[in-house]
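S.K.: heads up, no residue letters with this:
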Ligand SMILES: [Zn+2]
Ligand SMILES: [Zn+2]
């Protein structure tokens, strides 16, 4: 078997020709970033010396981190998904028949794991669940590197738009108890959901006069939005 060398940062193995020497004695910053990234990836601590080698991917990414910090020392830092190669499947490294993650899938990963998935990232369709999302077992395996990252303006706008949609979908409505998860419902209600529904069916509707009194005399002005939203449900 051909001689393989392990990348001192990410652990990927490759032929010596696909690795570069760190030359850390001449570049302290590079050494410091390499050590931090290794720790980020939960790899055992190792003194990275002048003779150690790293893969092209790590080398390119470390150089771009150094450049980004030089251009703007206050630049945004994100937990960016770690992958060995952006042109192959994130999970199995297959190159053929892979697709990019959907924007909604990337947003779900960000919400669940606080990991930003660059839009170039790819995977095979069969790793995803029926809705096109990464299942929990694979979600738990994702690795990231905390590093400067500057998403292009258009990409960032698209990501924020999808993030907003996600937040709206998950926002429970006080006008409809079915939008609360079981945990949320038990946190706000002293009775279980089925008892609440039984009770609700037998509730005597509140008259408009009573409602106006509650709205104007008991609750401050701010609460009127709450009543407006709930009128359809509460006073039908
Ligand atoms: Zn590497
Ligand atoms: Zn795959």
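M.R.: Perfect, I can see it now. Quantities reported herein were computed from a predicted structural model and do not represent experimental measurements. Numbering: from 1, shown residues only. Ligands and ions are numbered 1, 2, ... in the order given.

S.K.: Count the neighbours of the nearest residue to residue 127 once chain neighbours are set aside for me.
M.R.: Spatial nearest neighbour of residue 127, chain neighbours left out: residue 91 (5.1 Å); criterion: C-beta to C-beta, 6 or more residues apart in numbering. Yep, even glycine has a C-beta here, placed from its N, CA and C like the rest. Using other C-beta atoms under 10 Å, the number of residues around residue 91 comes to 17.

S.K.: How about residue 13?
M.R.: Neighbour tally, residue 13, other C-beta under 10 Å: 13.

S.K.: How about residue 6?
M.R.: Neighbour tally, residue 6, other C-beta under 10 Å: 15.

S.K.: quick one: contacts for it?
M.R.: For residue 6, the residues meeting the contact criterion (C-beta atoms under 8 Å, 6 or more residues apart in numbering) are 12, 13.

S.K.: List the beta-bridge partners for it.
M.R.: Beta-bridge pairing for residue 6 (DSSP bridges): residue 13.

S.K.: ok, so what distance separates it from ligand 2?
M.R.: Noted for residue 6: a distance of 22 Å to ligand 2, by C-beta to the ion, to the nearest Å.

S.K.: Show the pLDDT at that residue.
M.R.: In the prediction, the pLDDT value recorded for residue 6 is 91.

S.K.: Ok, residue 44 next?
M.R.: Per-residue confidence (pLDDT) for residue 44: 88.

S.K.: what about it, distance to ligand 1?
M.R.: Noted for residue 44: a distance of 15 Å to ligand 1, by C-beta to the ion.

S.K.: Helices of the chain, start to end?
M.R.: Chain-ordered helices for the chain, with DSSP state H as the definition, fall at 28-40, 56-71, 103-113, 136-141, 153-169, 182-188, 193-201, 208-213, 224-234.

S.K.: right, and those - which one's nearest ligand 2?
M.R.: Within these, the stretch nearest ligand 2 is helix 136-141; the backing value is 10.0 Å (C-beta to the ion).

S.K.: so how far is that closest one off the chain centroid?
M.R.: Its chain's C-alpha centre and that of helix 136-141 lie 12 Å apart, by C-alpha atoms, centre = their mean, to the nearest Å.

S.K.: pLDDT score for the closest residue to residue 8 other than its chain neighbours?
M.R.: When the adjacent residues along the chain are set aside, residue 8 lies closest to residue 52, with 4.2 Å between them (C-beta to C-beta, 6+ apart). What the model reports as pLDDT for residue 52 is 86.

S.K.: and what of residue 117?
M.R.: For residue 117, the model assigns a pLDDT of 93.

S.K.: just checking, it touches residue 82?
M.R.: No. In this structure, residue 117 is not within contact of residue 82 by C-beta atoms under 8 Å, at 10.5 Å.
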